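Asks: below are the sequence and a predicted model for it; my questions follow.
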Amino acid sequence: SLAGAFLTAWIAAGQQARRIGDADLRNAGKTGGEWLTYGLNYNENRFSPLDQINTGNISRLGLAWSYDVGPGGGSQEATPLVWDGTLYGITNWSVVFAVDVRTGKEKWRWDPEVNQTAVRPKICCGIVNRGLALYEGLIIAPTIDGRLEALDAGTGKVVWEARVEYPQDNYTLTMAPRIVKGKVIIGVSGSEYPVRGFFDAYDAQTGRRAWRFYTVPGDPSKPFENEAMRKAAATWESDFWKLGGGGTVWDGMAYDAEANLLYVGTGNAGPWPEDLRKQTGKANLYVCSIVAVNPDTGVLQWYYQVVPADVWDYDSVQQMILADLTIRGRQRKVLMQANKDGFYYVIDRISGEFISGQPFAEVTWAKGLDEKTGLPIVNQEAHYGKDSKVTLAPGPGGAHNWSPMS
């Protein structure tokens, strides 16, 4: 009977699906059979290699099954993950579900039981959730009330929980986490409120926080967290820190495994009107920027500030795509972003050097970008105050904002 028990356990183990580890994520998206991370792969290409559905047969597609994700309160924006025949999704109120992709039958469902009455007034910019992460048999789920949950992918049971921030302090979690070298990378939302932006790394197996990178400096009377904050503090003035500073991280990320660089987009300055922020002439690092950090340590490697001294709500958190391109006869490793400010940027992802930027929508706030630095040539008529108004393109909604691109 003992031998039989061992045989049964051995067979069961053999039938279990492989666990998704670092090697799987580095090779994600190559076959198209699974969707293991938010942007399909580390490059965030979002472009499937599958070709069975094409222009010749797409008209024959029909409904196979449907699944009701349940009541919401905002837009359903999450990108599902697909692994081992199961679709994993999350609702705008952070309810996680697992569905059989062949039948549409629910395998499990987990409700974090967010106190919607208490949390709703503290949510900055919509009741949304953009997705999940998958790693070593765990589903990593951010909840809108500031918790980070690790669920057993087979059962939906909670394995660990971490507290990223609290809604009473105006922080929420709405972005899809990413997994880099065994760490869960997650940022916060809330830049329309007085918050200080940051993104964190947590051990994917235990939920312990490994490091935190603040995107704007804090109280200058206290020690700086790192050299990046010391540098940033010189680009702010007055008592900005009492208003938070903004710079939240609520969407765009990408990772170059070869260079070991994690790229993160940061949000608008807060509050964004110049009259309120009293920061005229200051760049206000690192709002509206793309920052590259070492994922092992969280140490800044380079930054590119897309909109210095932002006063128009031009977050730079839009999705970033990594590619290797030949530009002017030279092979370049690039990062590309269709930014909320209306310009399409191409940046050297190893050095942070500006390569090019051209409008992809109507742009009136700037006359163009400096060819060498990439700094915007701001239209002085785009400035406004409490006694003056302007009509701008793009508006606060942006030329491109939260909708994924490929």
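Replies: Happy to help now that I have it.

Asks: tell me which residue is most central in the protein.
Replies: Asp251 (2.6 Å; C-alpha atoms, centre = their mean).

Asks: quick check: that one touching Met175?
Replies: Yes: contact criterion C-beta atoms under 8 Å: Asp251 and Met175 qualify, at 5.3 Å. Bear in mind the C-beta positions are built from the backbone N, C-alpha and C, glycine included.

Asks: any shared contact partners between those two?
Replies: Both Asp251 and Met175 are contacted by Arg130, under the criterion C-beta atoms under 8 Å, 6 or more residues apart in numbering.

Asks: rewinding a little: chain neighbours aside, what residue packs nearest to the residue nearest to the centre of the chain?
Replies: Of all residues not flanking Asp251 in the chain, Val317 sits nearest, at 4.2 Å (C-beta to C-beta, 6 or more residues apart in numbering).

Asks: that neighbour should be in a strand, yeah?
Replies: No: with DSSP: H, G, I helix; E, B strand; the rest coil as the criterion, Val317 is assigned coil and is not in a strand.

Asks: could you measure from it over to Glu353?
Replies: Val317 sits 21 Å away from Glu353, going by C-beta to C-beta, to the nearest Å.

Asks: okay, stretch 52-62 in PDB with CA atoms only?
Replies: In PDB, the C-alpha atoms belonging to stretch 52-62 read as follows (Å, rounded to 0.1, in the frame of the first residue of the first chain):
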ATOM      1  CA  GLN A  52      -4.900  30.500 -37.500                       C
ATOM      2  CA  ILE A  53      -7.200  33.400 -37.400                       C
ATOM      3  CA  ASN A  54      -6.600  35.700 -40.500                       C
ATOM      4  CA  THR A  55      -8.400  38.000 -42.900                       C
ATOM      5  CA  GLY A  56      -9.600  35.000 -44.900                       C
ATOM      6  CA  ASN A  57     -11.500  33.300 -42.100                       C
ATOM      7  CA  ILE A  58     -12.200  35.900 -39.400                       C
ATOM      8  CA  SER A  59     -15.800  36.300 -40.700                       C
ATOM      9  CA  ARG A  60     -16.500  32.700 -39.700                       C
ATOM     10  CA  LEU A  61     -15.800  33.300 -36.000                       C
ATOM     11  CA  GLY A  62     -18.700  32.900 -33.600                       C
END
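
Asks: any idea of the mean pLDDT in it?
Replies: What stretch 52-62 shows for mean pLDDT is 95.

Asks: what sits against Gly368?
Replies: By C-beta under 8 Å, 6+ apart, the neighbours of Gly368 are Pro376, Ile377.

Asks: distance from the host helix or strand of it to the middle of the chain?
Replies: Using DSSP states H and E, Gly368 maps to strand 366-369. Relative to its parent chain, strand 366-369 has a centroid offset of 27 Å by C-alpha atoms, centre = their mean, to the nearest Å.

Asks: pLDDT wise, what is Trp272 at?
Replies: 82.

Asks: Leu243 too?
Replies: In this model, Leu243 carries a pLDDT of 88.

Asks: over to the one 3 residues further on?
Replies: Per-residue confidence at Gly246 stands at 94 (pLDDT).

Asks: repeat that for Gln16.
Replies: 51.

Asks: if we can go back for a sec, more crowded one of Val317 and Glu353?
Replies: Val317 (29 against 15; other C-beta atoms under 10 Å).

Asks: so after the helix or strand of the chain with the lowest mean pLDDT, what's the next helix or strand?
Replies: Of all helical and strand segments in the chain, the minimum by mean pLDDT, DSSP states H and E falls on helix 2-15, at a mean of 42. Next along the chain after helix 2-15, taking DSSP H and E as the criterion, comes helix 22-26.

Asks: any idea of the mean pLDDT for that next one?
Replies: Rounded mean pLDDT across helix 22-26 is 97.

Asks: go on, stretch 174-189?
Replies: 98.

Asks: now do the end-to-end distance for it.
Replies: Start-to-end span of stretch 174-189 (C-alpha to C-alpha, to the nearest Å) is 7 Å.
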